[in-house]
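Participant: Only the shape, not the letters, is given here:
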Ligand code: GZL
């Protein structure tokens, strides 16, 4: 009898825990892996039952995961949307079921009444910070830039391209001569950079702008294999501030990165806990900060500070 009542109490307690479904894009980059790690840690600390789905970077898998979470009757859904379009109907279904949706690190084109809030950085600003660094640090004369874009149709790829172009617009010396997606992966960055180097053989490439560090790290490998010196022959500026980009900076292979915090779940769960408690409606966009780091910012100290965060 004693065991039974304890079991019942435990079940009752467990039943009181909020259940959250998390539709994660995948594990395409070190930053994405860190975001997943921190989301699991945040849920654990807050006694939230997290149900995790890895979409392998396919929108149809995210839509299926959201439908499954709705069928399970979860208390909220976290969605890191791989691309910006195509979400209206599945978000309508979650709204119909009165399940709040919180967007993490990327945006959607859907109306903002289809989600409780979006947690993320100002992606245009990140691109502008990267562009301004190049304006301030390029060598004299013309600077021919190649660009590794993020996943086609994703809000970071769209906005980081815009921000960078805004920043270099007034500088006639800087010209983007090649631009192609590397899908936010190291492999993609390496392969596309190899094609850029072949296509531009005999022409000077002054700098690489990569929409994330993982593509930059792949490109650095390609530049070395081509017998050139990344960070010197070709300046390297990217975004995320993952540990390995700081190692590359310490080695003189990368020049600058714009930090993106992987802790999007903290603000997301704060907003959900307030909403669950008394229906508090958060702002529609909860913005995280971006910070520029360069070789003069003690890169190995920054590496050490991040190396155990699950990147
Ligand atoms: C940006 C985020 C991007 C990271 C990449 O908010 O969505 O996705 O910059 C990741 O590393 O692939």
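Facilitator: Ah, there it is. All values reported here derive from a predicted model rather than from experimental measurement. Numbers count the residues shown, from 1 in each chain.

Participant: drop to CA atoms for contacts and neighbour counts, all remaining ones
Facilitator: Noted.

Participant: so where's this structure shaky on pLDDT?
Facilitator: Under the criterion pLDDT under 70, the flagged ranges of the chain are 1-15.

Participant: got the residues of it near the ligand?
Facilitator: 28-29, 31-32, 105-106, 156, 184, 212, 240 (Cα under 6 Å from any ligand atom).

Participant: ok, now with 8 Å
Facilitator: Applying Cα under 8 Å from any ligand atom, we find that the chain lies next to the ligand at 27-32, 80, 82, 104-106, 120-121, 123, 150-151, 154-156, 183-185, 211-214, 239-240, 260.

Participant: Figure out the helix or strand that residue 304 lives in.
Facilitator: Counting by DSSP states H and E, the element that carries residue 304 is helix 299-306.

Participant: From the rest of the structure, what touches that helix?
Facilitator: 242-244, 246-247, 249-250 (Cα atoms under 8 Å, 6 or more residues apart in numbering).

Participant: if you set the cut-off to 6 Å instead, what comes out?
Facilitator: Where contact means Cα atoms under 6 Å, 6 or more residues apart in numbering, the residues beyond helix 299-306 that reach it are 243, 246, 250.

Participant: The second one - nearest residue in space that isn't next to it in sequence?
Facilitator: Spelled out, that is residue 246. Nearest residue to residue 246 in three dimensions, chain neighbours excluded: residue 299, at 4.8 Å (Cα to Cα, 6 or more residues apart in numbering).

Participant: So what's the residue count around the one you found?
Facilitator: The number of residues packed near residue 299 is 21, by other Cα atoms under 10 Å.

Participant: can you give me the helices in this structure?
Facilitator: Secondary structure of the chain (DSSP state H): helices at 2-16, 30-45, 59-72, 88-96, 123-137, 155-168, 186-199, 213-225, 243-250, 265-278, 299-306.

Participant: Now distance to residue 284 too, for those helices, in a markdown table please.
Facilitator: Putting the helices of the chain into a markdown table (distance: least, Cα to Cα, whole Å) gives the following:
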| stretch | distance to residue 284 |
| --- | --- |
| helix 2-16 | 27 |
| helix 30-45 | 20 |
| helix 59-72 | 20 |
| helix 88-96 | 15 |
| helix 123-137 | 16 |
| helix 155-168 | 16 |
| helix 186-199 | 33 |
| helix 213-225 | 28 |
| helix 243-250 | 31 |
| helix 265-278 | 10 |
| helix 299-306 | 29 |
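
Participant: Just the residues of the chain next to the ligand: which are in strands?
Facilitator: Applying DSSP state E to those, the entries found in strands are 104, 120-121, 239-240.

Participant: could you redo these as CSV and give each row neighbour count?
Facilitator: Output for these, formatted as CSV (neighbours: other Cα atoms under 10 Å):
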residue, neighbour count
104, 26
120, 25
121, 23
239, 30
240, 24
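
Participant: how about the residues you listed, which pair is most distant?
Facilitator: Within those, 104 and 239 form the most distant pair, 16.9 Å apart (Cα to Cα).

Participant: Give me the buried stretch members for stretch 119-138, please.
Facilitator: Buried residues in stretch 119-138, counted by 16 or more other Cα atoms under 10 Å: 119-135, 138.

Participant: Report the distance from stretch 151-159 to the chain centre.
Facilitator: 10 Å (Cα atoms, centre = their mean, to the nearest Å).

Participant: Would you enumerate the residues in contact with residue 210?
Facilitator: For residue 210, the contacting residues are 147-148, 216, 238, by Cα under 6 Å, 6+ apart.

Participant: got the contact list for the residue of the chain found nearest the ligand?
Facilitator: Residue of the chain nearest the ligand, by Cα to the nearest ligand atom: residue 105 (4.1 Å). Each residue near residue 105 by Cα under 6 Å, 6+ apart is listed here: 119-120.

Participant: and with 10 Å instead?
Facilitator: Residues in contact with residue 105, defined by Cα atoms under 10 Å, 6 or more residues apart in numbering, are 32, 35, 79-82, 118-123, 155-156, 260-265, 287-288.

Participant: what about burial for the residues you listed, which qualify?
Facilitator: Here, 16+ other Cα under 10 Å leaves 32, 35, 79-82, 118-123, 155-156, 260-265, 287-288 buried among the contacts of residue 105.

Participant: of all the contacts of residue 210, which comes closest to residue 203?
Facilitator: Lowest distance from residue 203 to those (Cα to Cα) belongs to residue 147, with 15.5 Å.

Participant: burial measure for the closest one, as a count.
Facilitator: When neighbours are defined as other Cα under 10 Å, residue 147 has 26 of them.
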